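S.K.: structure here, sequence nowhere to be found:
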Ligand SMILES: [Zn+2]
């Protein structure tokens, strides 16, 4: 089954990123979205992003994965990912969610994401995708870091 508008299958290597806690995350959609971002297929990425931002839990999970990846790699989140006044490319909406989830308050982040508009979620998820693709492009990031669920 494909969630994209064509027969591409970008998600095969990313299905392990589905949610280990049983939250209502659409693992197939998420893996296809992250896979298409990683593959640089903007047609699929855009199509899946439009579906993904209608789904607050799946959007939150993508942001969570980005935070977990950075936390696992660097031992914390830089100010530019949480502080609205700090320099950096992260969207304000991403920072808002990352801040809500600090100190392992992941549930609070999911709730915050559910209160956002689709436009806000789009901005947050776009930053998360950029972070994830960047992190996964590093040779020494391990899958283990992405399986954690708290930061
Ligand atoms: Zn594609």
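M.R.: Okay, I see it. Please read these numbers as outputs of a predicted model, since none were measured by experiment. Residues are numbered from 1 along each chain as shown.
S.K.: residues contacting the residue positioned nearest the centre of the chain?
M.R.: With distances taken as CA atoms, centre = their mean, residue 62 lies nearest the centre of the chain, 2.1 Å away. Counting by CB atoms under 8 Å, 6 or more residues apart in numbering, residue 62 touches 30, 33, 34, 52, 125, 128, 129, 132. No exception for glycine: its C-beta is placed from N, CA and C like everyone else's.
S.K.: tell me what the helix or strand encompassing residue 37 is packed against?
M.R.: Taking DSSP states H and E as the criterion, residue 37 maps to helix 27-39. When contacts are defined as 3 or more CB pairs under 8 Å, 6 or more residues apart in numbering; DSSP states H and E, helix 27-39 sits against helix 42-52, helix 56-74, helix 118-136.
S.K.: and residue 25, which of these is closest to it?
M.R.: helix 56-74 (4.5 Å; CB to CB).
S.K.: give the rounded mean pLDDT of that closest one.
M.R.: For helix 56-74, mean pLDDT is 94.
S.K.: just stretch 98-115 next, same as before
M.R.: Rounded mean pLDDT across stretch 98-115 is 95.
S.K.: and the residue nearest to the centre of the chain, how close does it get to residue 75?
M.R.: 22 Å (CB to CB, to the nearest Å).
S.K.: do residue 124 as well
M.R.: 23 Å.
S.K.: over to residue 85?
M.R.: From residue 85 to residue 75 the distance is 22 Å (CB to CB).
S.K.: how about residue 137?
M.R.: 20 Å.
S.K.: tell me which parts of the chain are close to the ion?
M.R.: 8, 41, 44 (CB under 5 Å from the ion).
S.K.: most neighbours among the residues you listed, please name it.
M.R.: residue 44 (24 neighbours; other CB atoms under 10 Å).
S.K.: not counting sequence-adjacent ones, nearest residue to it?
M.R.: Sequence neighbours aside, residue 36 is the residue nearest to residue 44 in space, at 3.7 Å (criterion: CB to CB, 6 or more residues apart in numbering).
S.K.: confidence score at the one you found?
M.R.: So residue 36 comes in at 95 (pLDDT).
S.K.: next up, the contacts around it.
M.R.: Taking CB under 8 Å, 6+ apart, one finds 4, 8, 10, 11, 42, 44, 45, 48 in contact with residue 36.
S.K.: thanks again, I'm all set now.
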